[in-house]
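Novice: here is a sequence with its predicted model. Questions after.
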Amino acid sequence: MGYILVTGSTKGIGLEIAKSLSYAGFSVIVTGRDEIALSEAKNILNNKVEHKFVKIDFQNSSEVDNFLSTLENIDAVIHNLGAKIEGDKHPINIDVLNKSINLNFSLSVKINNALVDASTSTISKIIYIGSTASLHAKASPCYVLSKSLIDTYVKNISGLYADKGILICGVQPGIIAHAGSDWDRKKESEPQKYNDVKAKQPLKRFLMPVDIAEYILLLMKLNSLALTGSMMKLDANDY
């Protein structure tokens, strides 16, 4: 068994995914920019399984190229990297749009190309953490546009990857309100909005990273290509 690469995995959904996978017996490559956060992740994952912890800034192209050149024995990649870029609003600033697309989408394609095209490729699954923002568009414009690219890309390339025996799919989480998230901060900055939206949630609570991680674990145990090209909405039927 090889490694599962999880991008952006020192906090939030990414860290919870890495943790769940590790306790299910999978070896994980945890990535992040912060040395302290990486060290903390070591204490959270199952230490009875071998893992790798890599300090990398995915927005630094030379660091990305060096990282990709050293990757080997990768069974799967979970694309969790992504965020709202500062200045993401109307009217759209082209530089902000380009940065958003690069962070939320283009970097994942670069990683896919490197892993799939490698002569020693062992990859069998590519799974995206997208967003329901690509469906309802009720979010910052550049973020919405960037996440929408994931949906189209997954469907468009699915046939080619299926021919190679690779499952490519993804999930679209709704509002996630873990500690430090945008919606967690709204609890203090916009308490009325926070409580109103929370009350309207089908589960009467916001989703948490563990809700998403448990679904990703199911996908990792799946031995079928039936879901290839699919983006699955995980928002308790909110939208």
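Specialist: Arrived safely.

Novice: quick one: contacts for the residue lying farthest from the centre of the chain?
Specialist: Seen from the C-alpha centroid of the chain, the residue lying at the greatest distance (Cα atoms, centre = their mean) is Gln192, 29.3 Å away. Not one residue lies near Gln192 by Cβ atoms under 8 Å, 6 or more residues apart in numbering. Just so you know, the C-beta spots here come from the backbone N, C-alpha and C atoms, and that holds for glycine as well.

Novice: let's go with 10 Å and repeat that
Specialist: By Cβ atoms under 10 Å, 6 or more residues apart in numbering, the contact list for Gln192 reads Lys186.

Novice: how about the one 3 residues further on?
Specialist: Contacts for Asn195 (Cβ under 10 Å, 6+ apart) come out as Lys186, Lys187.

Novice: any idea which element it lies in?
Specialist: Secondary-structure element containing Asn195, defined by DSSP states H and E: helix 191-200.

Novice: does Phe197 really touch Asp238, like I thought?
Specialist: Wrong residue type there; residue 197 is Val, not Phe. Yes. Under the criterion of Cβ atoms under 10 Å, Val197 makes contact with Asp238 at 9.5 Å.

Novice: so which bits of the helix or strand following the helix holding Asn195 are buried?
Specialist: Using DSSP H and E, the next helix or strand after helix 191-200 towards the C-terminus is helix 209-221. Across helix 209-221, burial judged by 16 or more other Cβ atoms under 10 Å covers Pro209, Asp211, Ile212, Ala213, Tyr215, Ile216, Leu217, Leu219, Met220.

Novice: also stretch 107-127?
Specialist: Buried positions in stretch 107-127, judged by neighbour count with 16+ other Cβ under 10 Å: Leu107, Ser108, Ile111, Asn112, Ala114, Leu115, Val116, Ile123, Ser124, Lys125, Ile126, Ile127.

Novice: surely the first one forms part of a helix?
Specialist: Yes. Counting by DSSP: H, G, I helix; E, B strand; the rest coil, Leu107 is found in a helix.

Novice: what's the residue nearest to it when sequence neighbours are not counted sitting at in phi/psi?
Specialist: In space, and not counting its chain neighbours, Leu107 is closest to Phe58: 5.4 Å by Cβ to Cβ, 6 or more residues apart in numbering. Note on Phe58: its backbone torsions stand at phi -70, psi -10 [degrees, to the nearest 10].

Novice: need the helix or strand of this protein with the lowest average pLDDT.
Specialist: In the chain, the helix or strand scored least confidently by mean pLDDT, DSSP states H and E is helix 182-189, which has a mean of 89.

Novice: okay, the helix or strand encompassing Leu145 in PDB with CA atoms only?
Specialist: Leu145 is located in helix 141-163, with elements delineated by DSSP H and E. This file holds the C-alpha atoms of helix 141-163, laid out as PDB (Å, rounded to 0.1, in the frame of the first residue of the first chain):
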ATOM      1  CA  PRO A 141     -17.300  35.700  -7.100                       C
ATOM      2  CA  CYS A 142     -13.700  34.500  -7.700                       C
ATOM      3  CA  TYR A 143     -14.200  31.700  -5.200                       C
ATOM      4  CA  VAL A 144     -17.400  30.600  -6.900                       C
ATOM      5  CA  LEU A 145     -15.800  30.700 -10.400                       C
ATOM      6  CA  SER A 146     -12.800  28.700  -9.200                       C
ATOM      7  CA  LYS A 147     -14.800  26.000  -7.500                       C
ATOM      8  CA  SER A 148     -17.000  25.700 -10.600                       C
ATOM      9  CA  LEU A 149     -14.000  24.800 -12.700                       C
ATOM     10  CA  ILE A 150     -13.500  21.700 -10.500                       C
ATOM     11  CA  ASP A 151     -17.000  20.400 -11.300                       C
ATOM     12  CA  THR A 152     -16.500  20.700 -15.100                       C
ATOM     13  CA  TYR A 153     -12.900  19.400 -15.000                       C
ATOM     14  CA  VAL A 154     -13.900  16.200 -13.100                       C
ATOM     15  CA  LYS A 155     -16.700  15.400 -15.500                       C
ATOM     16  CA  ASN A 156     -14.600  16.300 -18.600                       C
ATOM     17  CA  ILE A 157     -11.500  14.200 -17.800                       C
ATOM     18  CA  SER A 158     -13.300  11.300 -16.200                       C
ATOM     19  CA  GLY A 159     -13.400   9.100 -19.300                       C
ATOM     20  CA  LEU A 160      -9.700   9.500 -20.000                       C
ATOM     21  CA  TYR A 161      -8.900   8.600 -16.400                       C
ATOM     22  CA  ALA A 162     -11.300   5.700 -16.300                       C
ATOM     23  CA  ASP A 163      -9.400   4.200 -19.300                       C
END
